[in-house]
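1. sequence unknown, structure follows:
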């Protein structure tokens, strides 16, 4: 049986996952902006990864569209738009999608699946997370630059699709409760604004102790509010979150030795937020650091570090053109934290 898959959101993640499914034999339609879908229609797809994988899908091997009409016949819909676009994307499915269709949200942040479920309640809407980094390169090439697969909320409706994802090399890691994984991924994604503000690749940024200290400040603050809210984030690296924070502040030589086996980051990899700022697009900062700020308000803990990161990213979204050195950014975040402490 050939599964029909609609990918709603033709960005790096959507194209990589959908492209892998197409290479595995699915009938895939990418729905996205005209510029993007025209580009991949002209070039076809090349899907590579840091482990040496290299799949090619000719332009004849998939379909493209700017509206999700294909959802009417889809067996599976993957929602891969940015979190800010979730509500609008879900509304596009009204009147198109069949009751009972499986809709899988592969998005950052918390609660996107709820937004979709409330909009198309007759569908089987499931949360998911893509735990790797994907970057776009020239010639229709999309490259997975870090380890990680797909984590999804378990449901019997996924069973029929499991062989397809397995053939595609995208084994589904199924969880009875995905929320701890979502919070664990959010912790790691707090590096996205730091990477975006740095103007460097992920490897370059994380090789600088001052940038790592910035990340440690953001993650420590997040862990404090999660603890107050009785949220236990999943362990997504070899080190648990609390130990990872301690490792981040270690000198470069110690960090480098310790992470040689713990972390693998491709030289091409950078955060999706860095790509968004480079292209003049709005970012997901309010669904990353903003989640921590909102949770802090709920539990009565100040979150000045994450709030300052939101302000710095928003400044660039609004036209400021600059990058921050590690020492400059660290000074900003420490000042925000100290100011909040003085005003308690």
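-> That came in fine, so what should we check first? Quick caveat: nothing in here was measured; it's all calculated off a predicted structure.

2. how's the chain carved up into domains?
-> 4-176, 180-342 (the TED database).

3. Let me have those in CSV, extended by mean neighbour count and mean pLDDT.
-> No exception for glycine: its C-beta is placed from N, CA and C like everyone else's. Listed next are the domains of the chain as CSV, based on neighbours: other CB atoms under 10 Å; pLDDT from 0 to 100:
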stretch, mean neighbour count, mean pLDDT
domain 4-176, 19, 95
domain 180-342, 19, 93
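
4. top strand in this structure by residue count?
-> Counting residues, the longest strand found in the chain (DSSP state E) is strand 124-130.

5. Which elements pack onto that strand?
-> strand 102-106, helix 112-119, strand 150-153, helix 179-189 (3 or more CB pairs under 8 Å, 6 or more residues apart in numbering; DSSP states H and E).

6. wait, which of these is closest to residue 52?
-> Nearest to residue 52 among the helices and strands packed on strand 124-130 is strand 150-153; the distance by CB to CB comes to 19.7 Å.

7. So what touches that closest one?
-> 17, 104, 106, 113, 126-131, 158, 165, 170-178, 181, 185 (CB atoms under 8 Å, 6 or more residues apart in numbering).

8. Please compute how far it lies from its chain's middle.
-> Here strand 150-153 is found 13 Å from its chain centre; the criterion is CA atoms, centre = their mean, to the nearest Å.

9. Then stretch 303-323?
-> That offset, for stretch 303-323, works out to 19 Å (CA atoms, centre = their mean).

10. Same question for stretch 254-274.
-> Worked out by CA atoms, centre = their mean, stretch 254-274 lies 16 Å from the chain centre.

11. For that stretch, measure first residue to last.
-> 27 Å (CA to CA, to the nearest Å).

12. swap in stretch 154-173?
-> Note: stretch 154-173 ends 9 Å apart using CA to CA.

13. Likewise for stretch 224-243?
-> Span of stretch 224-243 from end to end, CA to CA: 14 Å.

14. Also stretch 72-80?
-> First-to-last distance for stretch 72-80 - CA to CA - comes to 18 Å.

15. Show me the contact partners of that stretch.
-> Residues contacting stretch 72-80 (CB under 8 Å, 6+ apart): 3-11, 13-14, 17-18, 29, 68, 71, 86, 89-90, 93, 96-98, 101-107, 112, 116, 123, 161.

16. and those, which of them are in strands?
-> 4, 5, 6, 7, 8, 29, 102, 103, 104, 105, 106.

17. Just give me the closest of the residues you listed to residue 269.
-> After measuring the ones in strands among the contacts of stretch 72-80 against residue 269 - CB to CB - the closest member comes out as residue 106, at 18.2 Å.

18. my guess is the closest one meets residue 126, correct?
-> No. Judged on CB atoms under 8 Å, residue 106 makes no contact with residue 126 at a distance of 9.8 Å.
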